[in-house]
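Student: What would the 3D arrangement of this be:
(chains A, B and C)
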Amino acid sequence: MPELPEVETMVRGVHPHIVGRKIRRVVQCPCECRPITLSPGFDEFAKRMRGTHFTAARRLAKRAVLDLSTGDSIVIEPRMTGLLLLADPPDPGHLRLEWQLEGSGEYSKLWFWDRRGLGTVRLLRSDELAELGATKLGPDALAMTAEAWQAACRATPRAIKVLLLDQRVAAGIGNLYASEILHRSGISPLQPANKLTRPRIARMQAAVIEVLEEAIACEGSTLGDATYRTALSINGTYQNRHRVYKKTDEQCPTCGKGAIVRIVQAQRSTFYCPKCQK
DNA sequence: ATTAATGTTCAGAA
DNA sequence: TTTCTGAACATTAA
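Tutor: Numbers count the residues shown, from 1 in each chain, chains lettered A, B, ... in the order given. Reported below is the predicted structural model:
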């Protein structure tokens, strides 16, 4: 579930509370749930971590990266329902990993909570982390220039919505924000990328930045049927500003004429206004 | 009972 | 080589 703004909110929430804190112990599933995918296996995972301390919490595309004093990094991929939490999980039954922190501080535990359990947590050396970034991820969506989008669009006839979701083109945009970005840009999600004109791509690039930064300022989107919340367990508020996502049949807030429709592209829902997105 | 859900990855086919 | 489809992972809520 978390996309770029939600993961950014997670790492910002966790950073001031864990940097400098030593790891006393790592516990797998303090509740009675199935362990999520870990690498390496839990024993080595915990051993390489014990006694080290956190030096930073940062975001890599839709992943949270917790750097350790050893030079290793914990790379957390929340996928659909994963959360990094310092307090109050949505329910106590899906805590998949617990880091017990030494020393003084407001919080003594850091959790990875994941209801569906599709998330993954890996411990990587710096060279492995660099390789991950280089092979699977394009530039961060917030760092993409209009020229970079122009080059990516020119190179393919794929639908622009599908291109926005391609993490090798630009990393961090997910299904929710792709629809919101295209609506703000006035671009149809079905438009072949290589048919977009330069000014329209420039408009899209600006919308990418605007939507993502506004969503970060709102601490992400917490949908009614979802579980996302900040590290301190506060709901995000960007859902109150959604214009099209899950708004099927509602009036378009931009043109006031059309109704929002839902279509399916690459097996994912897309929401848009056919009247003002061309 | 069926369907869809803010993600990623893989196999197989066009 | 590129692109698309379907399925898989697992759980829950409408």
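Student: Count the neighbours of the nearest residue to A:Ala141 once chain neighbours are set aside for me.
Tutor: The shortest distance from A:Ala141 to any non-neighbouring residue, by Cβ to Cβ, 6 or more residues apart in numbering, is to A:Gly172 (4.0 Å). C-beta coordinates here come from the backbone N, C-alpha and C atoms, glycine included. Neighbourhood size, A:Gly172 [other Cβ atoms under 10 Å]: 26.
Student: A:Gly172 and A:Ile209 touch, don't they?
Tutor: No: contact between A:Gly172 and A:Ile209 fails when scored by Cβ atoms under 8 Å: they sit 11.5 Å apart.
Student: okay, and the common contacts of the two?
Tutor: Taking Cβ atoms under 8 Å, 6 or more residues apart in numbering as the criterion, A:Gly172 and A:Ile209 both touch A:Leu142.
Student: For the residue nearest to A:Arg229 when sequence neighbours are not counted, the count of nearby residues, please.
Tutor: With sequence-adjacent residues excluded and distances taken as Cβ to Cβ, 6+ apart, A:Arg229 is closest to A:Asn235, at 5.5 Å. Using other Cβ under 10 Å, A:Asn235 has 14 neighbouring residues.
Student: now swap in A:Cys29 and tell me
Tutor: 16.
Student: Kindly report the same for A:Asp127.
Tutor: Counted with other Cβ under 10 Å, A:Asp127 comes out at 9.
Student: what's the answer for A:Pro78, then?
Tutor: By other Cβ under 10 Å, neighbour count at A:Pro78 equals 25.
Student: what pLDDT does the residue of chain A found nearest DNA strand C get?
Tutor: Closest residue of chain A to DNA strand C, Cβ to the nearest atom of the strand: A:Thr156 (3.3 Å). Listed pLDDT for A:Thr156 reads 98.
Student: Equivalent analysis for the one 3 residues further on, please.
Tutor: As summarised for this prediction, A:Ala159 has a pLDDT of 98.
Student: is it in a bridge, and if so with what?
Tutor: Under the criterion DSSP bridges, A:Ala159 forms beta bridges with A:Pro192.
Student: surely it meets A:Asn194?
Tutor: No: A:Ala159 lies out of contact with A:Asn194 (Cβ under 8 Å); the separation is 10.7 Å.
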